[in-house]
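K.L.:
Sequence and predicted structure below; questions after.
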Amino acid sequence: MGAHILRWSLICLAVGLAVLLICSHDQGNETISLPEPPLARGEGARIVKIERAGDAGTLRMERRNGTWRIYEPIADLAGIRTVRELFRTLENLEVRRVLDTDSLQLYGLDAPSSRMTLHTRQGRSIEVRIGTVSPATGEVYAWWDGLAGVALLPRYVAARFFENEVFDWREHGMLPRRRMEIDSVCVSWGTERTKIRRLGQEEWAFLEPQDREADGLSCERAVAAFWRFSFLEFYDDRSDWPVLQLHPPRATWVVYRGAAVDTLFIGGRTDLGSMAVQLAGRVPGRVRDDLFEFLTGGIEKLEVRRMIRGRARDQRIVALTGEGEHRCYVQRSRRWFLRALSLEESRGVEGGLAPDTTEGLWVAASDESFADDLARLFELQGDAWLPASDVTPRASFPLRLHMWDARGTHQWLLLRRDAGSLRGIREAVGSKAAEPGSHARPVSYEGVGLGSRFPAKPMKVSSPRILAWELRLARPLPSASSAARPFH
C-alpha cells in the first residue's frame, strides 16, 4: 500500500515540475516594458512591397500605380481589403507578453515557419518572423526587427496573414474596388449593344439606342451585382477555359468609373450552381449564378417596356372601347361607377377627349376585380419589341383603353390578340369560369400592345389578366335600376 502511494506521489511531482518548467520557459523571463508593434501608426501607407516565405509557400506582392498585384506564385490582382487589414493589424498589434531572450532558435524563429518582409518606398525593410506555438498558452512566438526578446501573439494573427493560402490574398470581387461610383456602362450581347449613363440615384438613361427608356432599378441591380458576388474559385489552369463559354462570352460589360475602365466577360453556367466570369487582365473564375439570366438577358433586362405611366389609384376616368358595348368608368369617393358611351362619345374618346362625367345615369360597378385589374395594367410590360410595320390603324385593335388621372393627363393602351390564339377568347367568353374575379385558371393571352408611352413602338405582350378586359367589353352592361344616378 505504501509503495503504491509513493509511486503516485512521484508521478504527481514529475507532472508538477514539468508544468513549472513550461511556465518558467514562457513567463520566467518576462520583461516589464512591452514592445512597439512591427509598423508605426500610418506606416502601412508607405509599404510598396510584401514578401512572404515559409511553410505556407512563397508570396510576393507589389503596389504599382496605386494598385496591389500578386507576382508570385501567380500573377493576379491582390485584394486591397486583405492588404489593408494586414497593415492595420501590424500597426495596432498589442503585445501583452514578451520573453527576454536572445535565443530565436529555441522558439522556432531561426529558421522561422513563416517570414514576412515589408518594404517601404524609402527603402526601409521590416521583417516579421513567426515561430512555433507556445504549449502553455496556445499563442505563437514572434519576432521582428528592433524587438529585444520574443513576443507572444494571438494565434489568429499567424493563421490570417502568415499561414494562409494565396487564394486568400487575391481580389475576390468581380470588379476591383475604386472610390468613384460607376457612371456609365456599355454592354454587348453578341451583335446587340447598348450604353447607359447614370443621371442620379436609381436614374439612368440610354445613350445607345436613344429611343429606349432605361429602367433605373434594373440598371442599379445590374451594377450592384458586381459588388454583391465574390469569386468562389479561380481557373489558373488554361486547359479548363474552353468549357467556360468565355470565347466568345455570353455578355461583355464595360464599366466606366471616371477615367477608369474595366471589362467584365460573362461566360456560361457551371455544374456547381455558378457562372463563369472573367475580368480583363485576370484569369477567369466562378461566382454564384443568381443573376445569370439578368446579366446575359440583353437590352430588354435594362429597359422599361411598360406601355403606360403612373399609378392606378390616381386614375379618375377609364373608357373601354373596341369590339363590344363601349363604356366609361368613373371613380367617386374611392368607388367605381359606370355607364354606356354613345357613338359620338366613343369617337371623342378615340381623339383624346374625356367623357363628360356629369351626363347620363351611373351604376355602381359590381366588378370587384376592376381596381386590381387596372393596377396590373400599369405593371404590364411588353415581352419584346416588334417591327414598326406591325402598327395598324388604331381602330383595328379590338381592345382599347383610355385613362385620365386627377390632373386630366390622358393615357391610352391598345391591345390586339394574335390570330393563332383567338380561339381561347371565344371559348372563354362562353365560360362562366372566366368571369372577372374568378379563381379559375386564366386563359393565356398573347398579342400586340401599343401604348401612349411609346406610341410608335408596338410590343409583344402576354398576360392572362388582359382577358378580363376583353370579357368586360364582350358582355352587356348591367341594366339600369333605381340605384342608377347622375353626377353633378
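P.N.:
That came in fine, so what should we check first? Numbering: from 1, shown residues only.
K.L.:
Going by C-alpha atoms from here, please, whenever you check contacts or count neighbours.
P.N.:
OK.
K.L.:
Contacts for stretch 209-220 next, please.
P.N.:
The contact list for stretch 209-220 (C-alpha atoms under 8 Å, 6 or more residues apart in numbering) reads 194-196, 202-206, 301-305.
K.L.:
give me that answer again for 6 Å
P.N.:
For stretch 209-220, contacts defined as C-alpha atoms under 6 Å, 6 or more residues apart in numbering pick out E202, E203, W204, A205, F206, L302, E303, V304.
K.L.:
just stretch 259-278 next, same as before
P.N.:
The contact list for stretch 259-278, computed with C-alpha under 6 Å, 6+ apart, reads 244-246, 249-255, 279-280, 284-289.
K.L.:
Just the buried ones from those residues?
P.N.:
Burial by neighbour count, judged by 16 or more other C-alpha atoms under 10 Å, picks out 244-246, 249-255, 279, 284-289 from the contacts of stretch 259-278.
K.L.:
about what we covered before: so which of the contacts of stretch 209-220 is the closest to S342?
P.N.:
Nearest to S342 among the contacts of stretch 209-220: V304, at 35.6 Å, using C-alpha to C-alpha.
K.L.:
Show me how far stretch 378-393 is from its chain's centre.
P.N.:
Taking C-alpha atoms, centre = their mean, to the nearest Å, one finds the center of stretch 378-393 at 29 Å from the center of the full chain.
K.L.:
First-to-last residue distance for it?
P.N.:
Stretch 378-393 has an end-to-end distance of 23 Å (C-alpha to C-alpha, to the nearest Å).
K.L.:
hmm, back to that, which ones among the contacts of stretch 259-278 are found in strands?
P.N.:
A251, T252, W253, V254, V255, L279, G285, R286, V287, R288 (DSSP state E).
K.L.:
If the fourth one is in a bridge, with which residues?
P.N.:
For V254, the beta-bridge partners under DSSP bridges are C186, T263.
K.L.:
right, and it touches C186 too?
P.N.:
Yes - with contact defined as C-alpha atoms under 6 Å, V254 counts as touching C186 (5.0 Å).
K.L.:
Give me the phi and psi for the residue nearest to G42 when sequence neighbours are not counted.
P.N.:
Spatial nearest neighbour of G42, excluding adjacent residues (C-alpha to C-alpha, 6 or more residues apart in numbering): E91 at 7.3 Å. E91 adopts backbone torsions of phi -80, psi -30, taken as degrees, to the nearest 10.
K.L.:
Need the three-state assignment for A222.
P.N.:
helix (DSSP: H, G, I helix; E, B strand; the rest coil).
K.L.:
Need the nearest residue in space to it, chain neighbours excluded.
P.N.:
Nearest residue to A222 in three dimensions, chain neighbours excluded: L295, at 6.9 Å (C-alpha to C-alpha, 6+ apart).
K.L.:
what's the distance between the one you found and V277?
P.N.:
Between L295 and V277 the computed distance is 11 Å (C-alpha to C-alpha).
K.L.:
which one of the two has more residues nearby?
P.N.:
Comparing L295 with V277 by neighbour count (other C-alpha atoms under 10 Å), the higher total belongs to V277, at 28 against 23.
K.L.:
Quick check: neighbours of the strand or helix carrying the more buried one in the sheet, parallel or antiparallel?
P.N.:
If you go by DSSP states H and E, V277 is part of strand 274-279. When sheet partners are counted by DSSP bridges, strand 274-279 sits next to strand 260-269 (antiparallel), strand 285-288 (antiparallel).
K.L.:
and those strands, which is most packed in?
P.N.:
When the strands paired with strand 274-279 are scored by mean count of other C-alpha atoms under 10 Å, the highest mean neighbour count falls to strand 285-288 (a mean of 23).
K.L.:
Output the very next helix or strand once past that one in CSV, but only the C-alpha positions, please.
P.N.:
Following strand 285-288 in sequence order, the next helix or strand is helix 292-295 (DSSP H and E). Output of helix 292-295 as CSV, limited to C-alpha atoms (Å, rounded to 0.1, in the frame of the first residue of the first chain):
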residue,chain,number,x,y,z
PHE,A,292,-27.1,34.9,-64.8
GLU,A,293,-30.3,35.5,-66.8
PHE,A,294,-30.2,39.1,-65.9
LEU,A,295,-26.6,39.8,-66.9
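K.L.:
Could you give the average pLDDT over stretch 252-272?
P.N.:
The average pLDDT for stretch 252-272 rounds to 93.
K.L.:
Can I get the strand holding V277 as CSV, trimmed to CA atoms?
P.N.:
The C-alpha trace of strand 274-279 is given here as CSV (Å, rounded to 0.1, in the frame of the first residue of the first chain):
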residue,chain,number,x,y,z
SER,A,274,-22.4,29.2,-60.5
MET,A,275,-21.4,31.0,-63.7
ALA,A,276,-18.0,31.7,-65.3
VAL,A,277,-16.8,35.3,-65.1
GLN,A,278,-13.5,36.9,-66.2
LEU,A,279,-12.2,40.4,-65.6
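K.L.:
Check the offset of that strand from the chain's centre.
P.N.:
Offset of strand 274-279 from its chain centre (C-alpha atoms, centre = their mean): 15 Å.
K.L.:
ok, and what's touching stretch 451-463?
P.N.:
The contact list for stretch 451-463 (C-alpha under 6 Å, 6+ apart) reads 307-308, 382-386, 388, 411-413, 445-450.
K.L.:
show me where the stretch 201-350 of the chain has helices.
P.N.:
With DSSP state H, counting those that start in this stretch as the criterion, the stretch 201-350 of the chain has helices at 216-228, 292-295, 343-350.
K.L.:
What of the stretch 51-200 of the chain?
P.N.:
80-91, 155-157.
K.L.:
Among those helices, which comes closest to E165?
P.N.:
Proximity to E165 (C-alpha to C-alpha) singles out helix 80-91 among the helices of the stretch 51-200 of the chain, at 12.4 Å.
K.L.:
got the buried residues for the closest one?
P.N.:
I80, T82, V83, F87, R88, T89, L90, E91.
K.L.:
do the same with stretch 386-406
P.N.:
V391, F397, P398, L399, R400, L401, H402, M403, W404, D405.
K.L.:
cool, stretch 408-419 as well?
P.N.:
Using 16+ other C-alpha under 10 Å as the test for burial, stretch 408-419 gives H410, Q411, W412, L413, L414, L415, R416, R417.
K.L.:
Looking at strand pairing, list the partners for the third one.
P.N.:
When bridges are called by DSSP bridges, W412 pairs up with H402.
K.L.:
Not counting stretch 134-142 itself, show me its contacts.
P.N.:
Outside stretch 134-142, the residues that reach it (C-alpha under 6 Å, 6+ apart) are R129, I130, G131, T132, V133, V150, A151, L152, L153, P154, R155.
K.L.:
related to what we said a few turns ago, so which of the buried residues of helix 80-91 comes closest to S103?
P.N.:
L90 (23.2 Å).
K.L.:
Now do the same contact list for that closest one.
P.N.:
Taking C-alpha under 6 Å, 6+ apart, we find L90 in contact with P38, L39.
K.L.:
Swap in 8 Å and give it another go.
P.N.:
P37, P38, L39.
K.L.:
which of these tops the neighbour count?
P.N.:
The most crowded member of the contacts of L90, judged by other C-alpha under 10 Å, is P38 (22 neighbours).
K.L.:
Which secondary structure element is home to it?
P.N.:
Going by DSSP H and E, P38 is not in any helix or strand.
K.L.:
any weak-confidence spans in the stretch 251-400 of the chain?
P.N.:
390 (pLDDT under 70).
K.L.:
repeat that for 80
P.N.:
271, 388-392 (pLDDT under 80).
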